[in-house]
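Chemist: Have a look; sequence and predicted model below, questions after that.
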Amino acid sequence: MTDAPNEFGDVPPGCFPPVPGAPPPRRPPAEPEARSASISLVAVDALKKYFPLGHDWSDAARWVRAVDGVTFEIGRAETLGLVGESGCGKSTLGRTLLRLIEPSAGRVSFEGRDITRMRRSELRPLRRRMQIIFQDPHSSFNPRMTIRSALSEPLRIHRLVESRAQETERLETLLRKVGLRGDALDLYPHEFSGGQRQRIGIARALALDPSFIVCDEPLSALDVSIQAQIVNLLLDLQGQLSLSYLFISHDLRVVEYVSDRIAVMYLGRIVEMGPSAELCRRPRHPYTHALLSAIPPLDPNRRRARIVLRGDVPNPVDPPSGCSFHPRCPRAVLDRCGREVPELSDGPPGGEHQVACFYPMD
């Protein structure tokens, strides 16, 4: 089977290559006043996830600090983009939010309820409302199970269908919703292309009618032309179903287009967070500025000064003292940055732009 034509429209020039179809208007970002007035769907407070790594020569415990004190909120029908280098803890954070990985400390509230201290029996009804789209659409499916079996399994676990006919009708509706034919249910994952498998992964996430979905780098395993189709599908579904997304990626161009707000992560911490257009237009943290400088300009005749950070990403087992970015930061002042840990603080008056830096860029 080949990838379905792009029924969901195009994206602005420069983000993705052109694809056929009429471009629908992009869903406007939620107004800051509306977000602050509404109750957050997901609230994360000082969340940590440390992985044990045994003991060193002095018998002191060693830990990988994958997520190290992260705080943010996601409103209803809002997309928070999470961006950073590979290994910074993005995927671990997404899975910890859903308690696919147990947190080491901190709190995650979903629909006003603290899920970090719930027993499994209490958490099970809420799992219908929280789903995930995995990075690799090939390895996320059992190759020995048909698409029917893969999609019907959550429906049977949560007892949402009463007959085989009802199940078939619901699954065919799911496939049509993601742009696939309903008669593909009895095929196996290897009979689909990568883009189609990811559409099936999205259908599986939608099967239980969730309100929050973690999109864990859902585009990184796909061809660029197919990425545009999947992005447009996610936006279209969000408009129809009022979904909230945590959209994880290392590509700032995609994140800027998809997200209402962006959080930039470095070595397990969020170093900058704000409205997507403002953050990409006026980055305040030196790390964000360096990430943006790596994006090729849309105009091939225009040159952009590339900022090359010195050194390598520090070891999360033994992170630097003070600000974890200070060994690579061109603006660091060792007397302060090497000793004190900056916290996220508000930017200009009246804005939502936050930065964890003692000497942010103007």
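Modeler: On my side now, so go ahead.
Chemist: Tell me where the stretch 201-350 of the chain has strands.
Modeler: In the stretch 201-350 of the chain, the strands defined using DSSP state E, counting those that start in this stretch lie at 212-216, 244-249, 261-266, 269-275, 345-346.
Chemist: typed the wrong thing, it's the stretch 1-150 of the chain
Modeler: 42-55, 61-74, 79-83, 105-110, 113-114, 130-133.
Chemist: Do you have the helices of the stretch 151-300 of the chain handy? List them.
Modeler: Using DSSP state H, counting those that start in this stretch, the helices of the stretch 151-300 of the chain run over residues 164-177, 194-206, 224-241, 252-258, 276-281, 286-293.
Chemist: The last one to strand 261-266, inter-axis angle?
Modeler: Which is helix 286-293. Helix 286-293 runs at 110 degrees relative to strand 261-266, counting by axes from the mean of the first three to the mean of the last three CA atoms, to 10 degrees.
Chemist: what comes into contact with helix 286-293?
Modeler: For helix 286-293, contacts defined as CB atoms under 8 Å, 6 or more residues apart in numbering pick out 83, 252, 264, 266, 271-272, 279-280, 283, 304-309, 325, 328-331, 357, 361. C-beta: built from backbone N, CA, C; applies to glycine.
Chemist: can you give me the offset of stretch 107-118 from its chain's centre?
Modeler: Distance of stretch 107-118 from the chain centroid (CA atoms, centre = their mean, to the nearest Å) equals 19 Å.
Chemist: For that stretch, list the C-alpha coordinates in CSV.
Modeler: C-alpha atoms of stretch 107-118 as CSV (Å, rounded to 0.1, in the frame of the first residue of the first chain):
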residue,chain,number,x,y,z
ARG,A,107,4.0,15.6,41.3
VAL,A,108,1.8,15.1,38.1
SER,A,109,-1.8,16.2,38.2
PHE,A,110,-4.3,15.2,35.5
GLU,A,111,-7.7,16.8,35.4
GLY,A,112,-7.0,18.1,39.0
ARG,A,113,-6.0,14.7,40.4
ASP,A,114,-2.6,13.7,41.5
ILE,A,115,-1.7,10.5,39.6
THR,A,116,1.8,10.0,41.0
ARG,A,117,0.4,8.5,44.3
MET,A,118,-2.5,6.5,42.8
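Chemist: Quick check: buried residues in that stretch?
Modeler: Val108, Ser109, Phe110, Glu111, Ile115, Thr116 (16 or more other CB atoms under 10 Å).
Chemist: The second one and Glu343, how far apart?
Modeler: In this structure, Ser109 lies at 20 Å from Glu343, with CB to CB, to the nearest Å as the measure.
Chemist: and Pro125, how many neighbours does it have?
Modeler: By other CB atoms under 10 Å, the residues close to Pro125 number 9.
Chemist: Now do it, the pLDDT please.
Modeler: Looking at Pro125, its pLDDT stands at 89.
Chemist: Same question for the one 10 residues further on.
Modeler: In this prediction, Gln135 carries a pLDDT score of 89.
Chemist: Redo the strands of the stretch 1-150 of the chain as a markdown table? Include distance to Asp183.
Modeler: Output for the strands of the stretch 1-150 of the chain, formatted as a markdown table (distance: least, CB to CB, whole Å):
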| stretch | distance to Asp183 |
| --- | --- |
| strand 42-55 | 37 |
| strand 61-74 | 36 |
| strand 79-83 | 32 |
| strand 105-110 | 36 |
| strand 113-114 | 40 |
| strand 130-133 | 24 |
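Chemist: just checking, which of those sits deepest inside the structure?
Modeler: Among the strands of the stretch 1-150 of the chain, strand 79-83 has the highest mean neighbour count (mean count of other CB atoms under 10 Å), at a mean of 26.
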